[in-house]
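Asker: Next come a sequence and a model predicted from it.
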Amino acid sequence: MLNSNLPEPELLKALLEPLLEDFSYWFDRSAKLLETEEIPFLSDEDQSDLLARVKHAQQEVGAAKALFQATGGQVGIETAALMPWHRQLAECWQVSARFRSWQSAPPGK
């Protein structure tokens, strides 16, 4: 459980730093999937579009992490900036789950 008595900079670091790391991790995994696999239920255009959006989100997260680190954890991120990343990851997770399901389906189904 997070200690709500932490001074604001430490609380921000305790919350935001792992969140940014999670975004980086999942966007990296999503990019690798989209770069290395042909997703049969996505058109080439849709897969390319999703990959481009993931790469853009990776750049945004990277910039936010760099700013956060450069300021010693003194800078926060508005929820409005986090929500598009969250929605993007939810879309990626859905594609990944559907792809895994497709891979595990018996041939001919």
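Answerer: Everything's here; your move. Numbering: from 1, shown residues only.
Asker: Where does the nearest residue to L33 once chain neighbours are set aside sit, in terms of helix or strand?
Answerer: Excluding its sequence neighbours, the residue lying closest to L33 (CB to CB, 6 or more residues apart in numbering) is S96, at 6.0 Å. The C-beta positions use only the backbone N, C-alpha and C, and glycine is treated the same way. For S96, the host element (DSSP states H and E) is helix 79-104.
Asker: max-length helix in the protein?
Answerer: helix 8-36 (DSSP state H).
Asker: What is that helix packed up against?
Answerer: Contacts defined by 3 or more CB pairs under 8 Å, 6 or more residues apart in numbering; DSSP states H and E place helix 8-36 against helix 44-70, helix 79-104.
Asker: list the buried ones in the least confident helix or strand in the chain by mean pLDDT?
Answerer: Ranked by mean pLDDT, DSSP states H and E, the weakest helix or strand in the chain is helix 8-36, scoring a mean of 93. Residues of helix 8-36 classed as buried: 12-13, 16, 19-20, 23-24, 26-27, 30-31, 33-34 (neighbour count, 16 or more other CB atoms under 10 Å).
Asker: Take these and write them to TSV, including distance to V61.
Answerer: Below are these laid out as TSV (distance: CB to CB, whole Å):
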residue	distance to V61
L12	16
K13	16
L16	11
L19	10
L20	6
F23	5
S24	6
W26	10
F27	6
S30	12
A31	12
L33	17
L34	16
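Asker: Just the closest of those residues to S104, please.
Answerer: L33 (15.3 Å; CB to CB).
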